[in-house]
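Q: How does the following fold in three dimensions:
(2 chains)
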Amino acid sequence: MAPQIRLLYMEGVSPLRSQTVYHAVGYAMQPDTPNTIILVSPNAPYVSIGYHQDIQKEVDLDYCAQHNLPVYRREVGGGAVYLDSGQLFTQWIFHKEDLPASLEERFAFYIDPIVQTYRELGIPAEYRPINDIHVKGKKIGGTGAAQMGMAEVLVGSLMFTFDKKTMAQVLKVPSEKMRDKVFESLEAYMTTMTEQLGFTPDRAMVKDLYLQKVSEAFGGAEIYEGEWTPAEEAMAQEIDARFTSNEWLYQKGRLQQPALRIHQDVYLAEAAFKARGGLIRVIARLREGRIDDVAISGDFTLLPVFALGALEQSLRGLAATPETLKAKIEEAYYRLHIQSPGVTPADFTTAIMNAVMSQQPA
Amino acid sequence: MIFYGCDIPEDLLYDVERDVWIRFEGDIATLGMTDVAQTRCGKIAAISFRPVGKRVAQGKPLATIESAKWVGPFPAPFACEIVATNEEGFARNRLMVNTEPYTVGWLVKVRPLNWEAEHGHLVTGAEAVERYKERIKTLNVKCFRCVDSTKE
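A: Here you go, the predicted model:
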């Protein structure tokens, strides 16, 4: 007999409930609780932060307050993210024996129905280990895993749209220039169904397609639409209270995240270095160990005036090693007759490497 | 004993199902993640410890661990009271559990509260090795230790 999976379909719930529902079903799980998939979307936008993030360091709380965006801490890892009804969250709450034991295999298994759904829609999505989904080098959603009580939880989404502009606004960043780079990077490295297809596909059709792919992944499992139990609902109310408490939201952050991960291969970071001739600020985007983009600024003098842009341009695509960068910068100094009193190619190299080194994946 | 790259020191006690090792000094037990656990979890990004003095029931979390791919509990192998945590050590080097899980990468020190009734599942020596050989095969794990690149 094919296995059975309960579906909780909850479109248009409050932002808080869109987060607390999967925690509640997870923590309320008993040995006889059915494996459950929750498809949920919020009826208003909000910001979700990772379990160990420091809200005051990661989120622009003034912006969120001005725009009525609540912020909730989830019990899943990773970074702050802006969420709205443009995503249909796909939350699995399963018994551990019904999922692959290794996390890598578990992510691959969880992600496959999402990838298959996108492909059926004509979007060439691919699983990018460990837990990303990519379309031609752009991310179309990340995923996360957690253990809650006896439940193994996997979360992700079907990405209809994603508001990159607001996403860049809600993050607390060291400078407005960095914010511009965040937006630019999201534009370059994130995508959605709407962007890929040129239109937003019908939500009900995508939902049915996804459930069909999930059923196939479980060998023809019956997925039946169910209700949540009084115990699960009571647990949700308890978690609602915790998630809205200042004690939970403002708890000490322990996650050290000097760089912003755009996707599995792309990181963005800002760093500075005080040279004798002035402060050098660098925003560097690193892709698979290479400089994908770099912006240099500061209070140093560098002539001719056009040379800084040319220098930035010449660094793109280079392996992010001090030797390679210094050689290229020295070559640019020679070629462009650069003069920079008190600032040397070695200083620029150090500033760039400070940004690069902060981008080591956690 | 090393099996599929996983170090299983035979002098420790283990809660194999929860992947926790235990070392007693007097009536205080030091607990940590096994090599299998740290490998499955991956490079640790953050740990939040329950406070010293907290009494924790068997199976309930003594700490919550976040890696690049997972968040989950470090479970109590038996009911216990937390007498010390390695929070300071992790503040200095969060990769200790990935590089030295059985020594400086310990997580908490506890005083058992219901030892007589709750220690029957713990194993050591050859029995622990045999149980772990089975578990490693079932989980299809090949252990590896992170290199702390910031120390190079």
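Q: Now do A:Ile223 against chain B, distance only.
A: A:Ile223 is 25 Å from chain B, where distance means C-beta to the nearest C-beta, to the nearest Å. Any C-beta I mention is one placed from the backbone N, CA and C, and that applies to glycine too.
Q: now do A:Leu103
A: Distance, A:Leu103 to chain B, using C-beta to the nearest C-beta: 6 Å.
Q: ditto for A:Phe348
A: Using C-beta to the nearest C-beta, A:Phe348 is found at 22 Å from chain B.
Q: what's near enough to touch that residue?
A: A:280, A:296, A:311, A:325, A:329 (C-beta atoms under 8 Å, 6 or more residues apart in numbering or on different chains).
Q: May I see the residues you listed arranged in JSON lines, with distance to A:Thr191 as well?
A: Listed next are the contacts of A:Phe348 as JSON lines, based on distance: C-beta to C-beta, whole Å:
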{"residue": "A:Ile280", "distance to A:Thr191": "33"}
{"residue": "A:Ile296", "distance to A:Thr191": "29"}
{"residue": "A:Leu311", "distance to A:Thr191": "31"}
{"residue": "A:Leu325", "distance to A:Thr191": "30"}
{"residue": "A:Ile329", "distance to A:Thr191": "34"}
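Q: What about those, which are in strands?
A: Among those, DSSP state E puts A:280, A:296 in strands.
Q: Who are the contact partners of A:Ser245?
A: A:Ser245 neighbours (C-beta under 8 Å, 6+ apart): none.
Q: so which two of the contacts of A:Phe348 are the farthest from each other?
A: Farthest apart among the contacts of A:Phe348 by C-beta to C-beta are A:Ile280 and A:Leu325. That separation is 12.8 Å.
Q: follow-up on the earlier one: could you dump the contacts of A:Phe348 to JSON lines with neighbour count?
A: Shown next, in JSON lines, are the contacts of A:Phe348 (neighbours: other C-beta atoms under 10 Å in any protein chain shown):
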{"residue": "A:Ile280", "neighbour count": "24"}
{"residue": "A:Ile296", "neighbour count": "19"}
{"residue": "A:Leu311", "neighbour count": "21"}
{"residue": "A:Leu325", "neighbour count": "24"}
{"residue": "A:Ile329", "neighbour count": "22"}
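Q: ok, and which of the contacts of A:Phe348 reach chain B?
A: Among these, no residue is within reach of chain B (C-beta under 8 Å from any C-beta of the partner chain).
Q: Out of the contacts of A:Phe348, which comes closest to chain B?
A: Set against chain B, the nearest of these by C-beta to the nearest C-beta is A:Leu325 (18.1 Å).
Q: Nearest residue to the closest one in space, please, no chain neighbours.
A: Spatial nearest neighbour of A:Leu325, chain neighbours left out: A:Thr349 (4.8 Å); criterion: C-beta to C-beta, 6 or more residues apart in numbering or on different chains.
Q: That neighbour and A:Ala327 touch, don't they?
A: No. The criterion here is C-beta atoms under 8 Å, and A:Thr349 misses it with A:Ala327 at 9.3 Å.
Q: higher neighbour count, these two?
A: Of the pair A:Thr349 and A:Ala327, A:Thr349 is the one with more neighbours under other C-beta atoms under 10 Å in any protein chain shown, namely 23 against 14.
Q: in chain B, what spans have low per-residue confidence?
A: Flagging of chain B using pLDDT under 70 yields the residue ranges B:146-152.
Q: Can you show me the helices along the stretch 251-362 of chain A?
A: Secondary structure of the stretch 251-362 of chain A by DSSP state H, counting those that start in this stretch: the helices cover A:307-315, A:322-336, A:345-357.
Q: Would you mind getting the angle between the shortest one and helix A:345-357?
A: Calculated by axes from the mean of the first three to the mean of the last three C-alpha atoms, to 10 degrees, helix A:307-315 forms an angle of 60 degrees with helix A:345-357.
Q: Can I get helix A:307-315 in CSV, CA atoms only?
A: What follows is helix A:307-315 as a C-alpha-only set of coordinates in CSV (Å, rounded to 0.1, in the frame of the first residue of the first chain):
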residue,chain,number,x,y,z
ALA,A,307,41.8,55.0,-13.3
LEU,A,308,39.8,53.7,-10.3
GLY,A,309,37.0,52.5,-12.5
ALA,A,310,39.5,50.9,-14.9
LEU,A,311,41.2,49.2,-11.9
GLU,A,312,37.9,47.8,-10.7
GLN,A,313,37.1,46.5,-14.2
SER,A,314,40.5,44.8,-14.6
LEU,A,315,40.0,42.8,-11.4
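Q: Thank you kindly, that will do.
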